[in-house]
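> kindly generate the corresponding structure for this input.
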Amino acid sequence: MKKILSLITMTVISAILVVSCKKSSFEDAYSDPSTIESTTVEKQFSGIIYTNREYVVPSYWNYFVVLRTSVNHYTQAVGWANSLGQYAPGGAAITDRWNNYYNFLAQFRELEKVYSKLTPEEQADKRIYMMAASIYFYDHTQKVVDLHGDIPWADAGKLSTNNGNYGASYAKYQSAEDIYTAMLDDLKKIADELSVTTVKPAILTGFKTQDLINKGDMTLWKKYCNSLRLRMLTRVSGTPKFQARASQEISSILSDQSKYPLVAENADNVMLKVYDLGSDINAKGFKTGLEDWNGNIAGKVMIDRMKASSDPRLRAMFEPGANAGGTYTGLDQSLDAATQTNAINAGILAIYNRSTLSRNEFFPGILITAAEVNYQLAEYYTKLGNDGQAKASYEKGIRQSIDYYYWLRTLSKDGAVPPLTLTTVLEVNSYISNPAVMWNSAASTAGKLALIGTEKWLHYSVVEPLESWSEIRRLNFPALVFSPDNSSQQKLPPNRWIYPSSEIAFNSTNYQAVAAKDNLQTKLFWDID
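Coordinates of the predicted model:
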């Protein structure tokens, strides 16, 4: 923990926090990085987003080191040659993901500190910065909780607040349930407050400049807040502790869409967009992050499902192998490693479409999409017994997902893959009517949840792998089959990530409270079957 606290201190002191995304502009606007007091609410808000950017916009390190041999495998969003130890997440992945989050958390704590020193009048004027920062912070806290379970949280990241006192800054672990409760409580308060908030014109002008996500659009922040609530409530809806709350709050959101609007259309999609490749916010690292060491190979299960159902997304998401004669073929995970390697080297396997994804340097950082919102609504209505609404939400999500992938391609300046043949209404309708996809083909609740889970999986692909893995663990759909790694202790994909070794070394006293369940078999509290 001391190592993390040191990293946090350096991050708070040296973070480059301001309006423009250009590195030189960040440096110019934060001219005295040795003095923490020189920061402002406005700069700190942008700094929170900036610090976390490489885990939002596709980057080399996140895709190659963190995701390539862990979550992308656990979801079978990709195909790979089986190897020893393939299901245990690597130490570098765990440590870097953890350290980045706590640097990010420290930036949020610094914002809280700076905000607390304002006068009551200034706090009222700049309240929008705290609300927006909290929404974004909770979004990424959920991802870390869903990876590890219990984490140090409420008292973490306060080394600056504690005036450099290390002893007072070692944070206790909080249960994942308690963190979810705290986030849901605050998001509900923020949603209520946003519904009646009017920001002064001068403050709004500054907020539009500092807001790297929604460009000061208050309606989009409302939609982000409520859609995040929907995601969290859906995630915990099957647990005894949260079941009643989830049902009540989702019902409340849906019954008053003027007060609690959702990301309902693709035009509302919340993302961190790339505007200037000369800035630090870009997807240049996506190419090597996904493509190096054959990390972009298509998996057989996904390709077979898309081919059999004539999925219009197939050509937008994938491209045939160089020597495949135009045929889409995914790598079979049941084969032995030598056969798999030969297939990879032969160039006969499909890969993720380079022009749509990995070589699309303008690929945005995806936060919330309309398709996933509608899939969550489909699940809610299914469990409620409202089959008509469930079907409508499910089919709307499919249409939005298809449009979304074709839209992503329009952002690309890369020409490695020929331009896409656009979809037609007939093609999309035919897909929705395919027996493997058609809503009415499922006669039971479990069957309908399988349809929803499969569509979520296709939509998330390698773009939102953390969300995909969480939903697969929670729903158990799609039902993926893995080749056991019988020569290793971890024979199948884990249920969670363990903590980094730095926690055992530097936060050992507090770590003892979670040591007994710090293994790859422990399930998250929402993973109940």
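
> give me the mean pLDDT for the helix or strand hosting residue 193.
If you go by DSSP states H and E, residue 193 is part of helix 176-194. Helix 176-194 carries an average pLDDT of 99.

> so how far is that helix from its chain's centroid?
Its chain's C-alpha centre and that of helix 176-194 lie 18 Å apart, by CA atoms, centre = their mean, to the nearest Å.

> contacts for the helix or strand following it next, please.
Counting by DSSP H and E, the next helix or strand C-terminal to helix 176-194 is helix 201-210. Residues outside helix 201-210 that contact it (CB atoms under 8 Å, 6 or more residues apart in numbering) are 18-19, 42-43, 45-46, 125-126, 128-129, 132, 199, 215-216, 218. All C-beta atoms are positioned from the backbone trio N, CA, C, and that covers glycine.

> again, only using 6 Å
19, 42, 45, 46, 125, 128, 215, 216 (CB atoms under 6 Å, 6 or more residues apart in numbering).

> do a quick rundown of the helices in the stretch 401-529 of the chain.
Counting by DSSP state H, counting those that start in this stretch, the stretch 401-529 of the chain has helices at residues 425-432, 445-460, 465-475, 501-506, 508-511.

> and residue 257, which of those is closest to it?
Set against residue 257 and scored by CB to CB, these come closest in helix 445-460, at 21.3 Å.

> sorry, back to before: are any of the contacts of helix 201-210 buried, and which?
Neighbour-count burial (16 or more other CB atoms under 10 Å) applied to those gives 19, 42, 45, 46, 125, 128, 216.

> reformat these as a markdown table; add distance to residue 477 and secondary structure.
As requested, the buried ones among the contacts of helix 201-210 are exported to a markdown table (distance: CB to CB, whole Å; DSSP: H, G, I helix; E, B strand; the rest coil):
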| residue | distance to residue 477 | secondary structure |
| --- | --- | --- |
| 19 | 44 | coil |
| 42 | 44 | helix |
| 45 | 38 | helix |
| 46 | 39 | helix |
| 125 | 47 | helix |
| 128 | 39 | helix |
| 216 | 39 | coil |
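
> and these, which is closest to residue 323?
Minimum distance to residue 323 across these is 47.1 Å, recorded for residue 46 (CB to CB).

> now the strands for the stretch 151-300 of the chain?
Using DSSP state E, counting those that start in this stretch, the strands of the stretch 151-300 of the chain run over 151-152, 173-174, 270-272.

> can you tell me which of these is most buried?
Among those, strand 151-152 has the highest mean neighbour count (mean count of other CB atoms under 10 Å), at a mean of 22.

> which elements pack onto it?
Using 3 or more CB pairs under 6 Å, 6 or more residues apart in numbering; DSSP states H and E, no helix or strand is in contact with strand 151-152.

> quick one: strands adjacent to that strand?
strand 173-174 (antiparallel) (DSSP bridges).

> run through who's touching the partner strand.
With CB under 6 Å, 6+ apart as the criterion, strand 173-174 contacts 150, 152, 153, 510, 513, 514.

> can you pull the contacts of the last one?
Pointing back at residue 514 there. Taking CB under 6 Å, 6+ apart as the test, what residue 514 contacts is 150, 173.

> quick one: the helices in the stretch 251-400 of the chain, in order.
286-291, 300-308, 314-317, 337-346, 370-384, 387-410.

> would you reformat the contacts of helix 201-210 as TSV and include pLDDT and distance to residue 494?
Shown next, in TSV, are those (pLDDT from 0 to 100; distance: CB to CB, whole Å):
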residue	pLDDT	distance to residue 494
19	31	41
42	98	41
45	98	35
46	97	36
125	98	47
128	99	40
215	98	39
216	98	41
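
> let's have those residues in CSV, adding distance to residue 279.
Formatted as CSV, these follow (distance: CB to CB, whole Å):
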residue, distance to residue 279
19, 12
42, 18
45, 17
46, 12
125, 29
128, 24
215, 15
216, 18
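
> so where's the stretch 251-400 of the chain shaky on pLDDT?
Residue ranges of the stretch 251-400 of the chain with pLDDT under 70: none are present.

> how about the helices of the stretch 401-529 of the chain in TSV, adding distance to residue 264 and mean pLDDT?
As requested, these are exported to TSV (distance: least, CB to CB, whole Å; pLDDT from 0 to 100):
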stretch	distance to residue 264	mean pLDDT
helix 425-432	19	99
helix 445-460	16	99
helix 465-475	18	99
helix 501-506	40	95
helix 508-511	42	96
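
> which one of those is the most hemmed in?
Comparing the helices of the stretch 401-529 of the chain by mean neighbour count (mean count of other CB under 10 Å), helix 465-475 comes out on top with a mean of 23.

> that one to helix 370-384, inter-axis angle?
10 degrees (axes from the mean of the first three to the mean of the last three CA atoms, to 10 degrees).

> before we move on, the earlier item: need the buried ones among the contacts of helix 201-210 in JSON lines with distance to residue 417, can you?
Below are the buried ones among the contacts of helix 201-210 laid out as JSON lines (distance: CB to CB, whole Å):
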{"residue": "19", "distance to residue 417": "36"}
{"residue": "42", "distance to residue 417": "41"}
{"residue": "45", "distance to residue 417": "38"}
{"residue": "46", "distance to residue 417": "35"}
{"residue": "125", "distance to residue 417": "49"}
{"residue": "128", "distance to residue 417": "42"}
{"residue": "216", "distance to residue 417": "36"}
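
> return the set of buried residues in the longest helix along the chain.
Counting residues, the longest helix found in the chain (DSSP state H) is helix 91-116. Within helix 91-116, the residues scored as buried using 16+ other CB under 10 Å are 93-115.

> contact partners for residue 273?
residue 364.

> got the phi/psi numbers for it?
Recorded main-chain torsions at residue 273 are phi -80, psi 150, according to degrees, to the nearest 10.

> same question, the one 5 residues further on
The main-chain torsion angles of residue 278 are listed as degrees, to the nearest 10 and equal phi -80, psi -10.

> ok, residue 413 to residue 365 distance?
18 Å (CB to CB, to the nearest Å).

> I misspoke; the intended subject was residue 408.
12 Å.

> the spatially closest residue to residue 237 that is not a sequence neighbour: neighbour count?
Nearest residue to residue 237, sequence neighbours excluded (CB to CB, 6 or more residues apart in numbering): residue 246, at 3.8 Å. For residue 246, the count of nearby residues is 23 (other CB atoms under 10 Å).

> ok, residue 361 next?
By the other CB under 10 Å criterion, the neighbourhood of residue 361 contains 18 residues.

> next, count neighbours for the residue nearest to residue 494 when sequence neighbours are not counted.
Leaving aside its chain neighbours, residue 494 sits nearest to residue 520 (3.5 Å; criterion: CB to CB, 6+ apart). As a burial measure, residue 520 scores 16 neighbours (other CB under 10 Å).

> just the pLDDT for residue 520.
On the pLDDT scale, residue 520 gets 99.

> let's have the chain start at 35 instead
Got it, the first residue is 35 from now on, which makes the last one we talked about residue 554.

> my guess is it meets residue 527, correct?
No: under the criterion of CB atoms under 6 Å, residue 554 makes no contact with residue 527, lying 8.8 Å away.
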